[in-house]
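Colleague: sequence plus predicted model, see below.
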Amino acid sequence: MRHFKLTIAYDGTDFHGWQIQPGKPTIQGEIVSVLRRLTQEDVMLHGAGRTDAGVHALGQVGSFRTRSGLSALEFQRALNALLPPAIRIVGAEEVGPDFHARWSATGKTYRYRLYRGKVVPPFIWRYVLHYPFPLDEEKMSEAARRFVGAHDFAAFAASSGSEEDDRERTTEREIFSATIERSETRDELVFSVQGRSFLRYMVRKMTGTLLDIGRGRLAVDDIDRLYELKDRSKSGPTVPPQGLVMVEVKHKEAWRL
């Protein structure tokens, strides 16, 4: 059995998220369908994370195993020839049996883009949240730094959809870095966050909370209060998905052949 790693970029606008769903187009579903055509096997693709409907990726990572004799480069070329143009395999390599896209991950980086100009250019409207109204960006930057470290992020996560799962899951996460700053072109405010793993809607909730701080609806010190309250109704809104992109996933290096 051979093992492969794929690095995947996609425009999530027209898909119902990463995870396979019956009767709906998903990123995982599209790639698995092509892999099964290429290998004539019941291949399963594991992702580093489950991006939601409308969320994009520059560096999502997937892993699968197969008995196929195709090389990594042949898989990459064939997948890109057969997949929809909104999904691209930007890298492929054969790896050792210990590699797993999710369980071998040591860190993930996400970015959320807020467009601050009066009119959104037509070629980026799918990838930003338009917010041209006044914001205290200095306070937002100060608040973003409060996310760094190990905290209970229950107030910044959506329900899993199951009361039993919500009771059993841990909501503690460690954030390695968190910044919000103007883009090089100065027309966007970009929230970048890196951590070991994230809860459902966590980055979008964090962004919504920063927006509420920028609008004066919450104070910087409320970040610490929200950790204690563990009440998601007290934090900011869950912002729309189109501004969010999974930028990169880092993995342990021991798996390399």
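Modeller: That came through, no problem. Since the structure is predicted, the reported quantities are computational estimates derived from the model, not experimental observations.
Colleague: what is the burial count for residue 42?
Modeller: For residue 42, the neighbour count with other Cβ atoms under 10 Å is 8. For the C-beta atoms, the positions are set from N, CA and C on the backbone; glycine is no exception.
Colleague: how about it, nearest residue that isn't a chain neighbour?
Modeller: residue 36 (6.8 Å; Cβ to Cβ, 6 or more residues apart in numbering).
Colleague: quick one, domains of this protein?
Modeller: Annotated domains of the chain cover 2-103, 107-247 [automatic domain parsing].
Colleague: could you tell me the least trusted of the ones you listed?
Modeller: Ranked by mean pLDDT, those end with domain 107-247 at the bottom, a mean of 93.
Colleague: helices of the stretch 101-250 of the chain, residue ranges please.
Modeller: Using DSSP state H, counting those that start in this stretch, the helices of the stretch 101-250 of the chain run over 137-145, 163-168, 202-215, 222-229.
Colleague: nearest to residue 15, out of those helices?
Modeller: When the helices of the stretch 101-250 of the chain are compared by Cβ to Cβ, helix 202-215 sits nearest residue 15, at 16.8 Å.
Colleague: output the closest one as PDB, restricted to C-alpha atoms.
Modeller: Below are the C-alpha coordinates for helix 202-215, written out as PDB (Å, rounded to 0.1, in the frame of the first residue of the first chain):
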ATOM      1  CA  MET A 202     -14.100  29.600  15.700                       C
ATOM      2  CA  VAL A 203     -12.200  32.000  13.400                       C
ATOM      3  CA  ARG A 204     -15.400  33.500  12.100                       C
ATOM      4  CA  LYS A 205     -16.600  34.100  15.600                       C
ATOM      5  CA  MET A 206     -13.300  35.600  16.600                       C
ATOM      6  CA  THR A 207     -13.500  37.900  13.600                       C
ATOM      7  CA  GLY A 208     -17.000  38.900  14.500                       C
ATOM      8  CA  THR A 209     -15.900  39.700  18.100                       C
ATOM      9  CA  LEU A 210     -13.100  41.900  16.800                       C
ATOM     10  CA  LEU A 211     -15.600  43.700  14.600                       C
ATOM     11  CA  ASP A 212     -17.800  44.400  17.700                       C
ATOM     12  CA  ILE A 213     -14.800  45.700  19.500                       C
ATOM     13  CA  GLY A 214     -13.900  48.000  16.500                       C
ATOM     14  CA  ARG A 215     -17.500  49.200  16.500                       C
END
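Colleague: heads up, I number from 24, so please use that
Modeller: Shifting the count to begin at 24 puts that one at helix 225-238.
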